[in-house]
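here's my sequence, what's the structure:
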Amino acid sequence: MATVSPRIEQTQNPLNDIRMNEEIETETDEKPSTVPAMVIAAMKKYAKTDTLNHKRGDNWEHISGEIFLQRVRHVALGLSQLGIKTGDRVAIISENRPEWSITDLAILSVGAVNVPIYTTQSVEQINYILQDSEAKVLFVSGRRIFKHTMPGIEGVESLDMLVFFDRDSRPDIEQAITLEDLEKSGAELDNHEPHAYEKLLAEVKSDQVATILYTSGTTGEPKGVMLTHNNFVSNVCLIAKTLPIFHTDISLSVLPLSHIFERTVFYVFCCTGVSVYYSASVDQLADHLKEVRPTIMTAVPRLFEKVYHKIVRKGLSAEGWKRKVFIWAMDVGPKYAELKDKGEFVSPILEMKQSIASKLVFSKWREGVGGRLRYFVSGGAPLAPALSYAFIAAGIPILQGFGMTETCITCANRPDNNKVGSIGLPFPGIEMKIAEDGEILVRGPNVMKGYYKKPDMTATVFTDDGWFMTGDVGRVDEQGHFYITDRKKDLFKLSNGKYVAPQQIESLLKESGFVNQIVVVGSGRKTIAALIVPDWDALKREMKENGAVPPASRAEISRDPIAIKIVQRDCTNLTKNLSDYERVKKIALLSEELTIDGGELTPTLKVKRAVIDAKYGNLINELYGGAET
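Numbers count the residues shown, from 1 in each chain. Predicted coordinates:
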């Protein structure tokens with residue numbers, strides 16, 4: 001492995017390489033039948049020296065395609081030495097790092113089933129997943145993750161071996177080895193039987209289950225979603241042929257590989273020759289963006305919201321003409337972007353203003369993400385239109401897409417056909433439609449085989465003619481772009497009979513600089529209300545500007561009438577164009593963030609509304625204790 005300084009050399013602009021890439025026939029055209037076959041063919045074709053990259057200390061270490069395939073080969077053979085065979089379940093719990101991807105491909109190479117576990121999942125969930133899947137081997141990254149995981153391993157009789165990525169993390173027990181030990185075992189078998197790996201690969205079939213991904217479980221216990229090799233291969237091939245992704249591209253991977261979105265995207269990047277750089281923590285993201293200078297990247301709305309509000313806070317904290325210019329640019333840019341997005345007339349004066357705003361303000365946004373990012377791809381939740389317009393104005397388009405654990409990635413906007421607010425067009429070969437009750441239905445080779453050990457539950461999510469019922473309510477426009485209005489089960493009815501779609505209102509209110517997290521409530525009530533975790537710095541600064549002295553603790557601020565009034569005023573302003581019954585009439589400030597550990601959020605950061613209702617039931621009742629206005 002070679003090391004380089006943090007500053008990565010600039011490569012040729014992928015936009016200048018489009019013609020060359022159009023003329024190259026990709027490996028996906030050969031329609032490989034399994035994930036390992038697909039990745040191996042692409043790795044050999046592109047033969048890159050920086051296929052995978054991760055940071056150690058101050059340097060980025062590069063792993064070439066050749067070394068990557070060799071390590072996959074040896075880990076796979078090492079697993080076969082442990083007795084792992086077709087259909088056996090093997091689990092991984094690790095942050096993003098090359099070893100995750102190496103182990104993943106190795107598991108699939110022997111025909112086994114990868115069972116990913118989020119590092120943020122509770123001990124109870126870890127235990128449930130290991131027990132339900134009957135995992136035989138568990139890969140663990142390091143000491144910190146193992147300390148969290150250890151109680152969840154107790155009582156799992158199926159587990160024969162623990163394999164540790166970090167050499168110094170291995171506990172002194174007979175059932176534990178290091179990844180290095182496993183690779184050595186595989187290398188020895190490779191020397192004695194040079195064709196052993198190829199024999200294993202040949203036995204893997206396209207209709208075999210490749211992974212069991214346990215859903216986040218916003219309601220009830222997690223369900224194990226079975227995805228086959230063909231589910232992945234078909235999805236990857238469609239995406240790789242549809243989106244402009246080139247072998248000159250560089251990506252920064254920050255979303256968990258245990259999630260269907262990032263895992264599928266990783267396979268897409270492998271098959272298109274993209275160099276992948278792993279960012280193990282969001283806390284390191286700002287530095288890594290400047291060092292890696294990615295050209296393409298996937299993220300979730302939560303990340304964009306944090307970046308956006310950080311930029312706004314910094315701009316508003318400036319003094320004199322700099323503050324005035326920032327405020328001016330934040331008015332000009334989104335206005336320009338919205339007109340362009342809707343295909344409406346943009347006056348020459350506005351064009352000129354946008355050009356000036358781009359040079360004076362938005363150029364710094366582009367520098368902050370490395371200076372050569374062509375586009376973001378966003379998934380996981382609705383993205384507020386105001387944020388989309390701001391990033392478009394900055395020359396950093398965000399392409400929203402949609403997918404589920406059960407369906408892989410079904411649709412996305414395209415760089416040359418991007419409609420703000422929509423989840424885009426279905427990828428070729430995937431069917432989507434709106435049912436009579438408004439639910440979005442999906443059908444295609446990307447849809448899961450079923451829920452593990454739950455045939456009855458599997459039957460409940462498919463129509464008689466094979467459409468998967470997503471549980472999302474939406475619409476489709478005349479151009480074929482789909483829009484999600486909310487989750488079907490999240491819709492609630494007010495006492496006046498009106499139905500409320502909370503996600504859309506929450507997305508709108510996240511445009512407020514005072515809102516960090518928000519949950520809209522009001523089922524069975526006359527009006528809706530909101531529980532809000534504020535942006536404490538922004539709120540305290542506004543309180544001071546209003547002549548108030550912020551209390552010392554967050555608990556006190558959350559009860560302070562002035563603080564509540566400030567946030568309420570912003571919420572009222574943001575929802576003024578909604579129907580009267582959709583406007584937030586009451587708010588309460590929460591002193592603690594909603595977290596995964598606290599049980600309010602799933603590992604994919606979805607709100608568990610039933611938990612919120614139970615945990616904050618008294619507070620919600622207090623909100624409605626007076627006269628409803």
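
tell me what the helix or strand where Leu213 lies is packed against?
Counting by DSSP states H and E, the secondary-structure element that holds Leu213 is strand 209-214. Counting contacts by 3 or more Cβ pairs under 8 Å, 6 or more residues apart in numbering; DSSP states H and E, strand 209-214 is packed against strand 113-117, helix 123-133, strand 224-228, helix 229-242. Bear in mind the C-beta positions are built from the backbone N, C-alpha and C, glycine included.

what's the domain layout of the protein?
Here the domain assignment for the chain is 65-204, 491-623, based on automatic domain parsing.

any idea which of those domains is most buried?
domain 65-204 (a mean of 19; mean count of other Cβ atoms under 10 Å).

how far does it sit from the chain's center?
Here domain 65-204 shows a centroid-to-chain-centroid distance of 24 Å under the convention Cα atoms, centre = their mean, to the nearest Å.

burial measure for Ile250, as a count.
For Ile250, the count of nearby residues is 24 (other Cβ atoms under 10 Å).

packing partners for whichever strand or helix holds Phe269?
Using DSSP H and E, Phe269 falls within helix 260-272. The contact analysis (3+ Cβ pairs under 8 Å, 6+ apart) places helix 260-272 against helix 35-46, helix 229-242, strand 250-253, strand 275-278, strand 296-299, strand 398-404, strand 408-412.

distance-wise, check the residue lying closest to Thr86 once chain neighbours are set aside relative to Ile40.
Nearest non-adjacent residue to Thr86, counting by Cβ to Cβ, 6 or more residues apart in numbering: Gly111, 3.5 Å away. Distance, Gly111 to Ile40, using Cβ to Cβ, to the nearest Å: 15 Å.

do the same with Gln568
For Gln568, the distance to Ile40 equals 58 Å [Cβ to Cβ].

kindly report the same for Leu387.
Taken as Cβ to Cβ, the span from Leu387 to Ile40 is 39 Å.

returning to what we had before: identify all contacting residues around the strand holding Leu213.
34-35, 87, 89, 108, 113-117, 125, 129, 132-133, 222-229, 231-232, 258, 260, 263, 405, 449, 452 (Cβ atoms under 8 Å, 6 or more residues apart in numbering).

what's downstream of the helix or strand containing Gly315, the next helix or strand?
Using DSSP H and E, the element containing Gly315 is helix 301-317. Proceeding N to C from helix 301-317, the next assigned helix or strand is helix 320-341, under DSSP H and E.

give the buried residues for that following helix.
325-326, 328-330, 332-341 (16 or more other Cβ atoms under 10 Å).

what does stretch 236-248 give?
236-240, 242-248.

span of it from start to end?
Separation of the first and last residues of stretch 236-248 by Cα to Cα, to the nearest Å is 18 Å.

that stretch: how far from the chain's middle?
19 Å.

so where is the stretch 251-400 of the chain shaky, pLDDT-wise?
By pLDDT under 70, the stretch 251-400 of the chain contains no weakly predicted segment.

show me where pLDDT drops low in the protein?
1-30, 216-220, 626-629.

for the stretch 1-150 of the chain, just list every one of the helices.
Under the criterion DSSP state H, counting those that start in this stretch, helices of the stretch 1-150 of the chain are mapped to 18-23, 35-46, 65-81, 98-109, 123-133, 143-153.

could you dump the ones you listed to CSV with distance to Asp166?
Output for the helices of the stretch 1-150 of the chain, formatted as CSV (distance: least, Cβ to Cβ, whole Å):
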stretch, distance to Asp166
helix 18-23, 38
helix 35-46, 25
helix 65-81, 15
helix 98-109, 9
helix 123-133, 19
helix 143-153, 7
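
Arg372 is nearest to which of these?
Nearest to Arg372 among those is helix 18-23; the distance by Cβ to Cβ comes to 15.0 Å.

measure the residue with the largest distance to the centre of the chain to Gln81 for me?
Farthest-out residue of the chain from its mean C-alpha position, per Cα atoms, centre = their mean: His192, at 42.3 Å. Using Cβ to Cβ, we find His192 at a distance of 11 Å from Gln81.

equivalent analysis for Phe514, please.
Distance, Phe514 to Gln81, by Cβ to Cβ: 57 Å.

same thing with Asp172?
22 Å.

same check, this time on Arg302
Counting by Cβ to Cβ - Arg302 and Gln81 are separated by 42 Å.

with Glu198 instead?
16 Å.

again with Val611
Computed with Cβ to Cβ, the distance linking Val611 and Gln81 is 44 Å.

ok, now Ala412?
41 Å.

repeat that for Gly320.
69 Å.

of the helices of the stretch 1-150 of the chain, which is nearest Arg374?
helix 18-23 (10.9 Å).

only alpha carbons, please: show stretch 365-383 as CSV.
Below are the C-alpha coordinates for stretch 365-383, written out as CSV (Å, rounded to 0.1, in the frame of the first residue of the first chain):
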residue,chain,number,x,y,z
TRP,A,365,-19.4,26.9,-1.1
ARG,A,366,-17.8,25.1,-4.1
GLU,A,367,-14.4,25.4,-2.5
GLY,A,368,-15.8,23.9,0.8
VAL,A,369,-16.7,20.7,-1.0
GLY,A,370,-13.4,20.5,-2.8
GLY,A,371,-14.0,22.7,-5.9
ARG,A,372,-14.8,20.0,-8.5
LEU,A,373,-18.0,18.3,-7.3
ARG,A,374,-20.3,17.7,-10.2
TYR,A,375,-23.3,16.6,-8.2
PHE,A,376,-24.6,15.1,-5.0
VAL,A,377,-27.1,12.2,-5.0
SER,A,378,-29.5,12.4,-2.0
GLY,A,379,-31.7,9.6,-0.6
GLY,A,380,-33.4,8.5,2.6
ALA,A,381,-35.8,11.4,3.2
PRO,A,382,-37.4,14.4,1.6
LEU,A,383,-35.1,17.4,1.0
